[in-house]
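**Student:** The sequence isn't on hand, but the structure is:
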Ligand SMILES: Nc1ncnc2c1ncn2[C@@H]1O[C@H](COP(=O)(O)OP(=O)(O)OP(=O)(O)O)[C@@H](O)[C@H]1O
């Protein structure tokens, strides 16, 4: 069980404001989707949560400011999947995923670490790639391996930056289904930046819509994914239908307004 509370978070690159006094709570057993136009600050927010960037304001994990949590301890609690990655040092897929166990290993890899890696490769149907060089994989295969590496950390919170951007339809569903069932089963949380509002509608419990460095709205997809919000935030005219109590969005045309 974990709770993340973000209070008055403010961050800018070289003096230009990107995140402006943000407040947000991530509950346990929750998939939180961060959506918003290109450049609205989703990656920046995720990097602040993983202490890669140093914002003003505070991020509390179970009431404790992450500034007071060591890198190693944070790596046991938060598993970060970047948007893209320079090739990790390890060569094979197996070794790349094993790197995720690093925060839990003192100096010797145990049988249980190896078993965990094998289990995760199985969970994401990656066994057939286990002995392949990471650097020679396709973009989508690499993306799945990086997700597997974060799962191997057994974190309480997964931070995923557009985890499905390189995946085909089947693998998008597979990854989202796997993450959402792990979140429920293990009572962890996931925060993911997403562009696909229909995937968000299907899989997230809560949405935070970013616009102009602020949270434009936060809440359940059914309450937020409507034509007005999509017009305001993205400058897109869309038809929103209801499909099994989930909004289903069909974008119609760009309105040249409403950018971040
Ligand atoms: N290292 C950097 N130095 C300066 N400006 C940056 C840097 N990284 C990002 N920015 C700027 O910060 C703003 C927010 O970028 P960020 O990557 O957080 O947005 P995003 O919502 O994740 O975008 P996208 O959907 O395109 O991935 C953008 O205007 C971007 O140009």
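**Tutor:** Yes, it's here. Please read these numbers as outputs of a predicted model, since none were measured by experiment. Residues are numbered from 1 along each chain as shown.
**Student:** Only C-alpha atoms from now on, for both contacts and neighbour counts.
**Tutor:** Noted.
**Student:** got any ranges where the protein has weak pLDDT?
**Tutor:** The model of the chain has pLDDT under 70 over residues 85-90, 257-260.
**Student:** how about the strands of it, start to end?
**Tutor:** 4-13, 16-26, 31-35, 56-61, 64-65, 78-81, 157-161, 189-193, 206-211, 214-219, 236-243, 246-254 (DSSP state E).
**Student:** Turn those into a markdown table, columns for distance to residue 169.
**Tutor:** Listed next are those as a markdown table, based on distance: least, Cα to Cα, whole Å:
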| stretch | distance to residue 169 |
| --- | --- |
| strand 4-13 | 31 |
| strand 16-26 | 27 |
| strand 31-35 | 18 |
| strand 56-61 | 34 |
| strand 64-65 | 38 |
| strand 78-81 | 20 |
| strand 157-161 | 18 |
| strand 189-193 | 17 |
| strand 206-211 | 21 |
| strand 214-219 | 26 |
| strand 236-243 | 18 |
| strand 246-254 | 16 |
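**Student:** Out of those strands, flag the one nearest residue 96.
**Tutor:** Nearest to residue 96, of all these, is strand 78-81, at 12.8 Å by Cα to Cα.
**Student:** Give me the residues contacting the closest one.
**Tutor:** Outside strand 78-81, the residues that touch it by Cα atoms under 8 Å, 6 or more residues apart in numbering are 50, 146-147, 150-151, 153-161, 163.
**Student:** what do you get for stretch 177-191?
**Tutor:** Where contact means Cα under 8 Å, 6+ apart, the residues beyond stretch 177-191 that reach it are 1-2, 26-34, 123-124, 155-160, 203-204.
**Student:** top of the contacts of strand 78-81 by neighbour count?
**Tutor:** Counting neighbours by other Cα atoms under 10 Å, residue 157 leads the contacts of strand 78-81 with 32 neighbours.
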